[in-house]
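Q: dropping a prediction and its sequence here:
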Amino acid sequence: MSENEKASVLFVDDEPGVLKALARVLQDEPYEVRTCEDPERALEEIMQNAPTVVVADFYMPKMNGPALLKKVRALDEAIVRMVLTGKPDVTAVLDAVKQGSIYRFLLKPWDEDELKMSLLQALDHHRLLRERDTLLASLQRHRQTAENLEESHPGITALPKRQGGAYVLSEKDLPKSR
C-alpha cells in the first residue's frame with residue numbers, strides 16, 4: 001500500500017445486521033470500512049481491490065472464516081487476517097490459527113473500544129510488515145551490489161569503510177604503477 005492509498009478493512013459476515021452495526025461503529029475511523037455477506041464474493045472483491053485487513057465471521061454457511069482467511073493468505077500474505085466469533089471453541093481457534101496465520105480473534109458482542117484498538121493495531125502491524133519488506137529488499141540490493149563489486153574488483157569489500165559505508169582508500173590500497 002502506498003502512502004497515498006487509504007487503508008481499508010473488509011468485514012465478511014453472513015449476518016447483515018452485524019455488518020451494519022460494524023460499519024456504524026467504525027464510520028469515523030481513519031480507514032475505509034467495507035462489508036460483504038458472502039465469502040466467495042469477498043474473495044472476488046479482495047482480488048479486485050485488496051484491503052489492508054480482512055475480518056471474517058468464524059461460522060458462515062458457505063465457507064467458514066478460517067477457510068476464507070486461508071484463501072486470503074494465498075492471494076496476498078500482506079493482508080492482516082482476523083476472525084470475529086460469537087461462539088469461541090478453543091480447538092477450532094487453534095486450528096484456525098495454524099491454517100490461516102490469523103492475527104487476532106475478536107468476540108461478539110464486541111467492545112467498541114477494543115474493536116477499534118484491535119483494528120488500529122492490525123493496520124500498524126501491516127505497516128510494519130511493509131516497512132520490513134522494503135528494508136529487506138533494500139538490504140538484498142546492497143548485498144548484490146557488494147557481490148558484483150567484489151566480482152569485478154576482487155578484494156574491494158575487504159577495504160576499510162567509513163560509518164556511512166564509503167570505502168576509504170590510502171596509497172597502499174591503490175594498484176602499483178608499472
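A: Happy to help now that I have it.

Q: any idea of the mean pLDDT for stretch 68-84?
A: Across stretch 68-84, the average pLDDT comes to 93.

Q: run a quick neighbour tally on A7.
A: Residues near A7, counting by other CB atoms under 10 Å, number 19. (Each C-beta comes from the backbone N, C-alpha and C, glycine too.)

Q: so it touches R34, yeah?
A: No - counting by CB atoms under 8 Å, A7 does not reach R34; the two are 11.2 Å apart.

Q: which strand or helix spans the residue nearest to Q27 when sequence neighbours are not counted?
A: Excluding the flanking residues, the one nearest Q27 by CB to CB, 6 or more residues apart in numbering is V33, at 7.1 Å. V33 belongs to strand 32-36 when elements are defined using DSSP states H and E.

Q: could I get the buried residue list for the helix or strand following that strand?
A: As assigned by DSSP H and E, the chain's next helix or strand after strand 32-36 is helix 39-48. Buried residues in helix 39-48, defined by neighbour count with 16 or more other CB atoms under 10 Å: 39, 42-43, 45-46.

Q: so where's the chain shaky on pLDDT?
A: Counting by pLDDT under 70, the low-confidence segments of the chain come to 1-5, 99-100, 173-178.

Q: centroid-nearest residue for it?
A: A78 (3.1 Å; CA atoms, centre = their mean).

Q: right, and it touches E131 too?
A: No - A78 is beyond contact range of E131, at 11.6 Å (criterion: CB under 8 Å).

Q: next one: the residue nearest to the centre of the chain from K62, what distance?
A: According to CB to CB, to the nearest Å, A78 and K62 sit 25 Å apart.

Q: given the strand holding V33, what are its sheet partners and their directions?
A: strand 8-12 (parallel) (DSSP bridges).

Q: any idea how far the strand it pairs with is from the chain center?
A: Distance, stretch centre to chain centre, for strand 8-12: 14 Å (CA atoms, centre = their mean, to the nearest Å).
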